[in-house]
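**Q** need a structure here:
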Amino acid sequence: MHQKRILFLTNRVPYPLKDGGNLAMRTMIDGYIAAGWKVFLLTMNTTRHTVAESVIEKEFAYLDGCVSVSVDNRITLKRMFVNHFFSREPEHVSRFYTQEYADKLEEVLQQFKPDVIQVESVYLTSYLPRIRGLSNAVLVLRMHNVEYQIWQGMAGKTKNVLKAAYLERLAERIRNYERNAWHDYDLLLTITERDAGLVYRLEDSANLIVAPFGINTSGISMADNEQWVGYHIGAMDWLPNQQGMRWFLHKVWPGIRKMCPTFQFHFAGRGMSADFMNTKLKGVHCEGEVEDADKFINDKKILIVPLLSGGGIRVKILEAMARGKVVITTSKGIKGIEAKPDEHYLRAGSPDEFAKCVKWCLENKAKAEKLAENARQLILEKYEQDTVMQQVIAALDPLLTQRHS
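**A** Numbers count the residues shown, from 1 in each chain. Sure, this is the predicted structure:
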């Protein structure tokens with residue numbers, strides 16, 4: 001019997017496993033392997049998220065193949081200027097197109113001969129013409145977000161008029177690019193129902209299924225020494241995380257400190273800027289990029305996600321729920337997760353609401369524990385990795401049959 005083959009194309013190395021994007025890619029890769037597929041990874045090792053080649057070789061030795069290509073994706077004023085005035089494509093697309101990656105892709109296609117090619121960023125769509133000339137594989141786009149919404153949201157939150165105008169124009173370009181790109185794939189995988197609904201409203205002919213982030217709950221342990229303190233962990237070089245954390249520290253934290261004087265808050269993540277590292281607020285502890293994310297999370301009870309913009313799904317919230325943590329977040333933070341406020345999590349949209357949620361947790365620990373247990377059961381029922389992968393493979397099977405008939 002033919003063992004199915006899938007080639008993953010990623011615009012960053014899915015490592016370290018400390019942020020949602022990397023975790024989402026790795027769980028999908030591991031899901032295909034668990035289903036008996038052969039998996040090859042062709043990844044960009046970018047200047048913004050560089051991983052040592054020795055680490056890549058060791059970390060992905062369990063795959064049927066892994067090749068990384070160095071890509072300079074630094075954001076420069078010159079690149080932004082030239083793109084803004086002399087191109088219709090989003091600057092992101094040109095930043096992720098290199099001849100070296102295209103040539104390596106051609107080699108891999110000829111050697112590995114995949115049945116399915118899964119692209120983990122819409123910005124890699126520019127490689128599809130090269131793929132079509134060499135392969136008859138089913139083409140899948142994994143949509144971590146509807147990208148233009150992130151930049152549209154950032155524009156709406158930006159007070160600088162010139163910057164806001166630039167971001168609005170960028171969002172419009174990305175929107176047009178995405179809408180065209182969706183038709184270039186045989187199957188779209190959105191992570192949230194909301195993103196699926198948005199795609200259908202814009203392009204009702206898209207072939208799409210919702211494949212949420214899958215949690216392998218068998219590998220998640222419950223802590224028994226938790227402290228009732230707050231924490232946040234995420235990629236701090238991602239603009240929505242930066243924006244949300246600055247708002248939390250400057251607007252929300254004073255109210256929490258006033259209402260709950262002894263409450264402590266810890267935050268960590270990759271790409272922490274100097275202003276975060278130099279935070280000098282009583283009760284706030286910035287720990288930078290931690291070596292062991294599990295160790296950082298394990299003894300803390302309350303996850304706080306003060307997200308104001310951004311799309312997709314917050315993987316760290318799903319993981320926290322699977323661990324039995326209490327989650328306090330905004331409506332934007334919980335977006336894409338089928339959770340109900342006051343049953344699975346606490347929703348807060350203003351500084352006063354965040355402070356009241358923290359105070360409620362500290363004064364009603366038994367009820368807060370029940371909330372956390374409800375959330376854990378939700379994860380077990382709807383976000384288990386095996387269930388998600390069965391849905392994905394069921395959508396691929398007829399496409400593969402049609403392609404080989």
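
**Q** Next secondary structure after the top strand by length along the chain?
**A** Among the segments of the chain that qualify as a strand by DSSP state E, the longest is strand 38-46. Going down the chain from strand 38-46, the next helix or strand is helix 53-59, by DSSP states H and E.

**Q** so what does the longest strand of the chain touch, helix or strand wise?
**A** If you count contacts as 3 or more Cβ pairs under 8 Å, 6 or more residues apart in numbering; DSSP states H and E, strand 38-46 packs onto strand 5-10, helix 20-34, helix 53-59, strand 65-71, helix 99-112. All C-beta atoms are positioned from the backbone trio N, CA, C, and that covers glycine.

**Q** gap between that strand and the chain center?
**A** 17 Å (Cα atoms, centre = their mean, to the nearest Å).

**Q** Please apply the same query to stretch 110-119.
**A** Relative to its chain's centre, stretch 110-119 lies at 23 Å (Cα atoms, centre = their mean).

**Q** And for stretch 268-281?
**A** Relative to its parent chain, stretch 268-281 has a centroid offset of 21 Å by Cα atoms, centre = their mean.

**Q** Contacts for that stretch next, please.
**A** With Cβ atoms under 8 Å, 6 or more residues apart in numbering as the test, stretch 268-281 has contacts from 16, 18-19, 231-238, 241-242, 245-246, 249, 253, 257, 267, 286-290, 293, 296.

**Q** Please flag which of those sit within helices.
**A** Per DSSP state H, helices hold the following members of those: N241, Q242, M245, R246, W253, R257, A293, F296.

**Q** Out of the helices and strands packed on strand 38-46, which gets nearest to L380?
**A** helix 20-34 (15.5 Å; Cβ to Cβ).

**Q** helix or strand right after the longest helix along the chain?
**A** Longest helix in the chain, counting residues (DSSP H): helix 161-182. Later in the chain than helix 161-182, the nearest helix or strand by DSSP H and E is strand 187-190.

**Q** counting contacts, what elements does that following strand pack onto?
**A** Applying 3+ Cβ pairs under 8 Å, 6+ apart, one finds that strand 187-190 makes contact with strand 138-143, helix 193-202, strand 208-210, helix 385-404.

**Q** Output that strand as CSV, nothing but the C-alphas.
**A** Presented in CSV, the C-alpha positions along strand 187-190 are these (Å, rounded to 0.1, in the frame of the first residue of the first chain):
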residue,chain,number,x,y,z
LEU,A,187,-7.9,23.0,0.1
LEU,A,188,-7.8,25.8,2.8
LEU,A,189,-7.4,24.9,6.5
THR,A,190,-8.5,27.7,8.8
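
**Q** quick one: it to chain centroid distance?
**A** 15 Å.

**Q** And stretch 172-184, by the same measure?
**A** On Cα atoms, centre = their mean, the centre of stretch 172-184 falls 19 Å from the chain's centre.

**Q** residues making contact with it?
**A** Outside stretch 172-184, the residues that touch it by Cβ under 8 Å, 6+ apart are 88-90, 92-93, 122, 125, 128, 139, 141, 146-148, 151-152, 188, 199, 202-203, 205-206.

**Q** Just the buried residues out of these, in ChimeraX syntax.
**A** To isolate the buried members of those in ChimeraX, using 16 or more other Cβ atoms under 10 Å:
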select :90,92,93,122,125,128,139,141,146,147,148,151,152,188,199,206
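
**Q** Just the ones in helices from the contacts of stretch 172-184, please.
**A** H92, V93, L128, E147, Y148, W151, Q152, V199, L202.

**Q** which of those lies closest to A102?
**A** Of the ones in helices among the contacts of stretch 172-184, the one sitting nearest to A102 (Cβ to Cβ) turns out to be L128, at 10.9 Å.

**Q** doesn't L139 make contact with that closest one?
**A** Yes. Counting by Cβ atoms under 8 Å, L139 is a contact partner of L128 at 6.9 Å.

**Q** Output the below-cut-off pLDDT ranges for the stretch 201-350 of the chain.
**A** Scanning the stretch 201-350 of the chain for pLDDT under 70 picks out 310-313.

**Q** Can you give me the end-to-end span of stretch 200-207?
**A** 9 Å (Cα to Cα, to the nearest Å).

**Q** Please disregard the earlier target; I meant stretch 54-64.
**A** End-to-end distance of stretch 54-64 (Cα to Cα): 17 Å.

**Q** So for the spatially closest residue to H344 that is not a sequence neighbour, what's the pLDDT?
**A** Using Cβ to Cβ, 6 or more residues apart in numbering and skipping residues adjacent in sequence, the residue nearest H344 is A375, 4.2 Å away. At A375, the predicted lDDT confidence score is 96.

**Q** so where does A375 fall, helix or strand?
**A** A375 belongs to helix 365-382 when assigned by DSSP H and E.

**Q** With adjacent residues omitted, what lies nearest to G349?
**A** Distances taken as Cβ to Cβ, 6+ apart place T330 nearest to G349, at 5.6 Å, with adjacent residues excluded.

**Q** That neighbour contacts S309, doesn't it?
**A** No. Using Cβ under 8 Å, T330 is not in contact with S309, being 9.8 Å away.
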